[in-house]
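*Asks:* how would this look folded up:
(one chain, ligands or ions: 1)
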Amino acid sequence: MVFVPVQCPECHRTDVVRYGKQANGTQRYRCDNSDCRRTIFLLQYHDKGRLPAVKQQIVAMTLNGSGVRDIVRVLGVSSATVIDVLKKKCQRSNR
Ligand SMILES: [Zn+2]
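*Replies:* Next up, the predicted model:
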């Protein structure tokens with residue numbers, strides 16, 4: 001069981017409960033904050049790798065000796081994202 005912190009995209013709190021599934025099987029979540037306008041949302045893994053903070057973490061973990069599979073497990077991004085970030089980083093430092 002992997003713990004994934006789920007955050008409401010509207011109020012950024014983690015008072016979030018699971019709220020059934022979509023027809024395609026995607027897990028839905030509901031924000032438990034009564035002051036929040038957002039009620040039901042989906043967890044979007046594929047957006048995670050685009051965040052600059054995640055890219056920095058990928059580079060930092062690589063420098064600390066973590067392999068691609070470690071990074072995938074810890075950060076919850078895809079291995080394609082990790083490889084993509086590292087390739088771009090290499091190209092930049094070779095210039
Ligand atoms: Zn919320």
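
*Asks:* from now on I want contacts and neighbour counts done on CA atoms only, so please keep to that.
*Replies:* Will do.

*Asks:* neighbours of residue 59, how many?
*Replies:* Around residue 59 there are 16 other residues, counting by other C-alpha atoms under 10 Å.

*Asks:* that one contacts residue 84, doesn't it?
*Replies:* No - taking C-alpha atoms under 8 Å as the contact criterion, residue 59 and residue 84 are not neighbours in contact, 11.1 Å apart.

*Asks:* and this structure, which residues reach the ion?
*Replies:* For the chain, the residues found near the ion under the criterion C-alpha under 5 Å from the ion are 8, 10, 11, 31, 36.

*Asks:* quick check: of those residues, which has the highest neighbour count?
*Replies:* Among the residues of the chain next to the ion, the one with the most neighbours (other C-alpha under 10 Å) is residue 31, at 26 neighbours.

*Asks:* if I look at the closest residue to it other than its chain neighbours, how far off is residue 33?
*Replies:* Beyond its immediate neighbours in the sequence, the residue positioned closest to residue 31 (C-alpha to C-alpha, 6 or more residues apart in numbering) is residue 16, lying 4.7 Å away. Distance, residue 16 to residue 33, by C-alpha to C-alpha, to the nearest Å: 8 Å.

*Asks:* check residue 25 too.
*Replies:* The span separating residue 25 from residue 33 equals 25 Å under the rule C-alpha to C-alpha.
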